[in-house]
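>>> when you get a sec, could you give me coordinates for this:
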Amino acid sequence: MAELQLTDIRKSFGAVDVIKGVTLTVKSGEFMVFVGPSGCGKSTLLRLIAGLETISAGALSFDGQVVNNLAPSKRGIAMVFQSYALYPHMTVYDNMAFGMQLAKAGKDQIRERVEKAAELLQISPYLKRLPKQLSGGQRQRVAIGRAIVRDPKVFLFDEPLSNLDAALRVATRLEIAKLHHSMNGATMIYVTHDQVEAMTLADRICVLRDGVIEQVGTPIELYERPQSLFVAGFIGSPKMNFLNGNFAGRYGAKTIGVRSEHLQIGAGEGTWTGKVVHSENLGSDSYVYVDIGAQEPVIVREDGTKKHQPDDPIAIRPLPGQVHRFDDAGQPMGRQ
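Next up, the predicted model:
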């Protein structure tokens, strides 16, 4: 476990500024997720922490020690890549043991750590297999196991689930969450563009945009109290409904936002009328897309299976206290 302190970290590639002054503390034992759209700088920031890229300005500290010029192998980190990065000619056992073998660890110690990690990740039956004989999910667990065996201070995950199908992503996400709990609070930093992964895994989330931090907080803090229009629209699935013009003007705002579960179908105070554009029945939930004359259809979430036909007239209203208000600069003005 280690505490990381990033102080005004900057990274430029030639004349292009990619990381523009990031200051952040990752607490010892914390599961921190970096999330943001493509090109926001989250993977670059992870590579700076790993030592795979040089820091242009600012200070990076592990437990109070500045490590800007420390080689990656000396930082006490282990990284899990999107592409698994397994040696195809080595067995699962040898892939997991390779780092310790380079460090000249004893055979008994290596065997003990590899077998313990394999048992934790439920890959013990595959230790004699080659990577090509494994599924994508099994390969990713081997990559995670290789990181565990090194017993690092900090685990770094760079979009490790993006190559997996939907079912495997859910299963492996659960494995990573269980891993964090079972390792007595190892410090983990996880990069993803998938805000569902961020919401379900993180102790805290760092939302990045264009190389700067938009907001840092727990998943529920970001969901319920976004500090910008960008965060409000990025966190949550489906994304928050945004309305401008007269819809926002009656609330004294430039823009208002309402989440799909905070809209009700039926007449009442604050009712908006329109027609059904499309309805999605997912079994446990239904999503109704409603044209109320705004720029985009408004999405309404209903429990259970509901039947709405295209062009059906419909009335919807926001729940009291659940209308997020934003000013001209996209800053929050409170809820109403």
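>>> do you have the strands of the stretch 151-300 of the chain handy? List them.
Secondary structure of the stretch 151-300 of the chain (DSSP state E, counting those that start in this stretch): strands at 154-158, 187-192, 204-209, 212-217, 241-243, 255-258, 263-265, 272-281, 285-291, 298-303.
>>> residue 58: which of these is closest?
strand 212-217 (12.9 Å; CB to CB). C-beta: built from backbone N, CA, C; applies to glycine.
>>> ok, and for that closest one, which residues are buried?
By 16 or more other CB atoms under 10 Å, the buried positions in strand 212-217 come out as 213, 214, 215, 216, 217.
>>> let me have those in CSV, extended by pLDDT.
Output for those, formatted as CSV (pLDDT from 0 to 100):
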residue, pLDDT
213, 97
214, 96
215, 97
216, 97
217, 97
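>>> in JSON lines: the residues you listed, plus distance to residue 305.
As requested, those are arranged in JSON lines below (distance: CB to CB, whole Å):
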{"residue": "213", "distance to residue 305": "41"}
{"residue": "214", "distance to residue 305": "37"}
{"residue": "215", "distance to residue 305": "36"}
{"residue": "216", "distance to residue 305": "38"}
{"residue": "217", "distance to residue 305": "35"}
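>>> nearest to residue 105 among those residues?
Nearest to residue 105 among the buried residues of strand 212-217, with distances taken as CB to CB, is residue 216, at 37.1 Å.
>>> excluding covalently adjacent residues, which one is nearest to that closest one?
residue 206 (4.9 Å; CB to CB, 6 or more residues apart in numbering).
>>> surely that neighbour touches residue 32?
Yes. Using CB atoms under 8 Å, residue 206 makes contact with residue 32 at a distance of 6.3 Å.
>>> same drill for the two, tell me which one is more crowded.
residue 206 (25 against 22; other CB atoms under 10 Å).
>>> what's near enough to touch the more buried one?
Shown in contact with residue 206 (CB atoms under 8 Å, 6 or more residues apart in numbering): 24, 32, 33, 34, 35, 213, 215, 216.
>>> could the residues you listed go into TSV alongside distance to residue 111?
Shown next, in TSV, are the contacts of residue 206 (distance: CB to CB, whole Å):
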residue	distance to residue 111
24	38
32	32
33	33
34	35
35	38
213	43
215	45
216	41
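>>> and which of the buried residues of strand 212-217 is nearest residue 147?
Taking the buried residues of strand 212-217 together and measuring to residue 147 by CB to CB, the closest member is residue 216, at 24.6 Å.
>>> pull up the pairing partners for whichever strand or helix holds residue 24, direction included.
Residue 24 belongs to strand 16-26 when elements are defined using DSSP states H and E. With DSSP bridges as the test, strand 16-26 is paired with strand 4-13 (antiparallel).
>>> confidence score at residue 185?
For residue 185, the model assigns a pLDDT of 67.
>>> point to the residue nearest the middle of this structure.
The centroid of the chain falls nearest to residue 198 when counting by CA atoms, centre = their mean (2.9 Å).
>>> let me see the contact set for residue 169.
161, 197.
>>> look up how far residue 139 lies from it.
With distances taken as CB to CB, to the nearest Å, residue 169 is found 14 Å from residue 139.
>>> re earlier: so the residue nearest to residue 216 bridges to which residues?
If you apply DSSP bridges, the partners that residue 206 bridges to are residue 34, residue 216.
>>> need the pLDDT of it.
So residue 206 comes in at 97 (pLDDT).
>>> one more: the one 5 residues further on?
According to the model's per-residue confidence, residue 211 sits at a pLDDT of 95.
>>> thinking it is in contact with residue 13, fair?
No. Using CB under 8 Å, residue 211 is not in contact with residue 13; the gap is 11.3 Å.
>>> more neighbours: which of these two?
Between residue 211 and residue 13, residue 211 has the larger neighbour count (other CB under 10 Å), namely 23 against 10.
>>> let me see the ranges of the helices in the chain.
Secondary structure of the chain (DSSP state H): helices at 42-50, 92-102, 107-120, 136-149, 166-182, 195-201, 219-224, 229-234, 245-249.
>>> no more questions from me, cheers.
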